[in-house]
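Visitor: Have a look at this prediction, sequence included:
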Amino acid sequence: QVQLVESGGGLVQPGGSLRLSCAASGFTFSSSTMSWYRQAPGKERGLVAAITAAGGSTTYLDSVKGRFTISRDDVKNTVYLQMNSLKPEDTAVYYCRGRRRNEYDYWGQGTQVTVSS
């Protein structure tokens, strides 16, 4: 059974930090591109950051470059999103995605991140 379980969300003040985790099981994590997406109320879900298999390449949304870092641990089958200097506009539900092109595409249930004073 495939599972992607996000954790680490919560309420944080502007300028604060959070680290999101996504624990994966049921598929070949090490062969998968892992990504974080987010969806704010009334907006479409969009890519925040992605990391290819073996961590060879990373991609970031322009507005989070220099503040967020995606990483992966292929032993723990976990992908992380370190979020620093958080802003109110980062408030959203954050989703983890694991995919291998033309083979599978899995999503987690999401974790809420709220940046507010």
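Guide: That came through, no problem. Remember, it's a predicted structure, so these values are computed and weren't measured experimentally.

Visitor: Mind checking the pLDDT average for stretch 65-76?
Guide: In this model, stretch 65-76 has a mean pLDDT of 97.

Visitor: and if you look at stretch 106-117?
Guide: Here the average pLDDT along stretch 106-117 is 97.

Visitor: got a list of what the nearest residue to Val5 once chain neighbours are set aside touches?
Guide: Spatially, and ignoring its direct neighbours in sequence, Val5 is nearest to Ala23 (4.9 Å; Cβ to Cβ, 6 or more residues apart in numbering). Using the backbone N, CA and C atoms, a C-beta is placed for each residue, glycine as well. For Ala23, the contact set (Cβ atoms under 8 Å, 6 or more residues apart in numbering) comprises Gln3, Leu4, Val5, Ser7, Lys76, Asn77, Thr78.

Visitor: Against Pro14, how distant is Ala23?
Guide: Using Cβ to Cβ, to the nearest Å, Ala23 is found at 28 Å from Pro14.

Visitor: Over to Ile70?
Guide: 22 Å.

Visitor: likewise Thr28?
Guide: Going from Thr28 to Pro14 by Cβ to Cβ gives 39 Å.

Visitor: go on, Tyr80?
Guide: Taken as Cβ to Cβ, the span from Tyr80 to Pro14 is 22 Å.

Visitor: Done for today, thanks.
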